[in-house]
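Q: only geometry, no sequence info:
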């Protein structure tokens, strides 16, 4: 294959349809950028699930006036229960320490919270997280030193359904954009093929192979896809630098939101660029097959 | 041109360049076949005029030889290879054995004469060295030495057709197909083009030329195949355009 020839054909093609090429690149970039964001959110969600779900499923908060015997009784009941996989005891001091860490970004809040404002508690992991009701029934609220039994899972479920919704919405918009990008690519390739019909007709007649004739068009689309992918990758990097590392710095340090590592950004960038190249190339190939006689 | 058994099976592949058997081509849009049960054979090195009025099937005849289209029924064989069973991948190889010239030249306007000819070699992956050697040779042969760096727009019609012929011939095809190559040219220029085609024919290349130009056909006295509404009505070894003209 004559590389120079193919490359100069590609360059001519991209230049000749400059406006279409730009439109194609931008739609591809937006679509891929949204896809990358969706992937990042998805990654965050699964990390958060690991952090939260694994730690605690049910919290048993103890009343302020709980007695030594009541506490021991609760502990014993937890130890003997077949529903409980494991549990930890958190004293008032420990609860306060954790609170201080979580809200280290909001010193006023920490200052205004007395050290004994947070109740002591048992943090319980269930064998089957769905069986919260059983535990709740075993420790009725307001009796035997128990202030309140709370299903942390319920709160987490709501949080995660919110995050899942955000992820799904992002990916849905990405898919719609991808559709627009594919149609644009298909159109651009048809236009490019029409512009170069003299060349391709002659190539066909003198016996140039199908590949030789098609490759410039496919490469043209693939390069546009790559540029779109790289722009999307740039967007992801900007998101990391400007949004995640700044606006979300506090919650991340507090351990509420998992850190988005550079690893994840780079991986998603590579994936997004690869998808851009592959989708554009395939779209071009299919277009040539279906609509263009080469 | 009888298909005699005396020819012997061993000789057929190299002597017979083109063979059509009971070829019918129907286009979906039209009720009348473009070619209707056409059978003919063309030997290596022949010069054949394909005549007939517009719509008589001349262009379809040429398209079938290039496998730009497939016949509705019947078989077309080029250089011993039946086109009906040829896969898509092999079509480019077939076309490398054929050169094509058209009434409208079909040159690339933004490339020079030499680049137009070189293009045909580049896209079939000929090495650079070969291209550098054969392009000037073929330009000299068609009488365009010294015009290698001109653009097609700067040339006369006859000269442009010479470029097209150079491009068709540079790869030394087995068959040269010419579809009304003199259709846009005045008689004098046409004569020059015919001399060139004759010269190419003398190198052993089979030339098949579709034309309306009875002056040319009458003066050359070559084989004439006449199509009339898709039917082969005449096949004469040293024919003229109109019988009894």
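A: Thanks, I have it. Since this is a predicted model, take the numbers as computed values, not measurements.

Q: quick one: name whatever helix or strand follows the one helix or strand residue A:73 maps to.
A: According to DSSP states H and E, residue A:73 maps onto helix A:68-80. Following helix A:68-80 in sequence order, the next helix or strand is strand A:84-90 (DSSP H and E).

Q: what is that next one packed up against?
A: helix A:68-80, strand A:121-126 (3 or more C-beta pairs under 8 Å, 6 or more residues apart in numbering or on different chains; DSSP states H and E). To be clear about C-beta, it is placed using only N, CA and C from the backbone, and glycine gets the same treatment.

Q: who in chain B is up against chain A?
A: Within chain B, the residues that sit near chain A (C-beta under 8 Å from any C-beta of the partner chain) are B:66, B:88-89, B:91-100, B:106, B:108-109, B:119-120, B:122-125, B:167, B:171.

Q: of those residues, buried ones?
A: B:66, B:91-92, B:94-100, B:106, B:108, B:119-120, B:122-124, B:167, B:171 (16 or more other C-beta atoms under 10 Å in any protein chain shown).

Q: among these, which are in strands?
A: B:98, B:99, B:100 (DSSP state E).

Q: output these as a markdown table; include the columns pLDDT.
A: Shown next, in a markdown table, are those (pLDDT from 0 to 100):
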| residue | pLDDT |
| --- | --- |
| B:98 | 94 |
| B:99 | 94 |
| B:100 | 94 |
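
Q: now, which of these sits nearest chain A?
A: Distance to chain A across those (C-beta to the nearest C-beta) is lowest for residue B:100, with 5.0 Å.

Q: what about the stretch 51-200 of chain A, any weak spots by pLDDT?
A: Applying pLDDT under 70 to the stretch 51-200 of chain A flags residues A:53-56.

Q: near chain B, which residues of it show up?
A: By the rule C-beta under 8 Å from any C-beta, the part of the stretch 51-200 of chain A lying against chain B is A:198, A:199.

Q: can you pull out the strands in the stretch 51-200 of chain A?
A: A:58-62, A:84-90, A:121-126, A:146-151 (DSSP state E, counting those that start in this stretch).

Q: ok, the second one: who's next to it in the sheet?
A: Sheet pairing here is set by DSSP bridges, and for strand A:84-90 it gives strand A:121-126 (antiparallel).

Q: got a list of contacts for the partner strand?
A: Here strand A:121-126 makes contact (C-beta atoms under 8 Å, 6 or more residues apart in numbering or on different chains) with A:54-62, A:74-75, A:78, A:83-90, A:95, A:132, A:135.

Q: quick one, which of the residues you listed are buried?
A: Buried by 16+ other C-beta under 10 Å: A:56-62, A:74, A:78, A:84, A:87, A:90, A:95, A:132, A:135, out of those.

Q: and those, which is closest to chain B?
A: Closest to chain B out of the buried ones among the contacts of strand A:121-126 is residue A:57 (62.5 Å), distances taken as C-beta to the nearest C-beta.

Q: thinking again about what came up before, any chance of the strands of the stretch 51-200 of chain A in TSV, with distance to residue B:175 too?
A: Shown next, in TSV, are these (distance: least, C-beta to C-beta, whole Å):
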stretch	distance to residue B:175
strand A:58-62	87
strand A:84-90	84
strand A:121-126	83
strand A:146-151	85
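
Q: lowest-pLDDT helix or strand in chain B?
A: With mean pLDDT, DSSP states H and E as the measure, the helix or strand of chain B carrying the lowest mean pLDDT is helix B:12-15 (a mean of 53).

Q: coming back round to it: who touches the helix holding residue A:73?
A: A:60, A:62, A:84, A:87, A:89, A:122, A:124, A:138, A:139, A:144, A:145, A:146.

Q: do the same with stretch A:11-19
A: A:21, A:188, A:191, A:192, A:195, A:196, A:216, A:217, A:220, A:223, A:224.

Q: equivalent analysis for stretch A:282-294, please.
A: A:182, A:185-186, A:189-190, A:193, A:200, A:203-204, A:210, A:213-214, A:217-218, A:220-222.

Q: tell me which of those residues fall in helices.
A: Within those, residues falling in helices by DSSP state H are A:182, A:185-186, A:189-190, A:193, A:200, A:203-204, A:210, A:213-214, A:217-218, A:220-222.

Q: before we move on, the earlier item: redo the contacts of helix A:68-80 as TSV? Include distance to residue A:114.
A: Formatted as TSV, the contacts of helix A:68-80 follow (distance: C-beta to C-beta, whole Å):
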residue	distance to residue A:114
A:60	22
A:62	17
A:84	31
A:87	26
A:89	21
A:122	22
A:124	26
A:138	31
A:139	26
A:144	26
A:145	21
A:146	22
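
Q: next, give me the two most distant ones among the residues you listed.
A: For these, the farthest-apart pair by C-beta to C-beta is A:84 and A:145; their separation is 17.7 Å.

Q: quick one, helices of the chain?
A: Just going to use chain A. With DSSP H as the criterion, chain A has helices at A:3-16, A:18-55, A:68-80, A:92-102, A:107-111, A:132-138, A:152-195, A:197-206, A:210-238, A:249-253, A:262-291.

Q: oops, I was thinking of chain B
A: B:12-15, B:58-65, B:91-96, B:113-122, B:128-141, B:157-169, B:187-202, B:214-220.

Q: and the second one, how far out from the chain's middle?
A: In this case it means helix B:58-65. Centroid displacement of helix B:58-65 relative to its chain, using C-alpha atoms, centre = their mean, to the nearest Å, is 10 Å.

Q: which strands and helices sit next to that helix?
A: On a contact count with 3+ C-beta pairs under 8 Å, 6+ apart, helix B:58-65 meets strand B:16-25, strand B:35-43, strand B:47-51, strand B:73-78, strand B:175-179, strand B:206-211.

Q: got a pLDDT number for residue 49?
A: Since you didn't name a chain, this refers to chain A. In this model, residue A:49 is scored at 76, pLDDT.

Q: think we crossed wires, I meant chain B
A: For residue B:49, the predicted pLDDT is 95.
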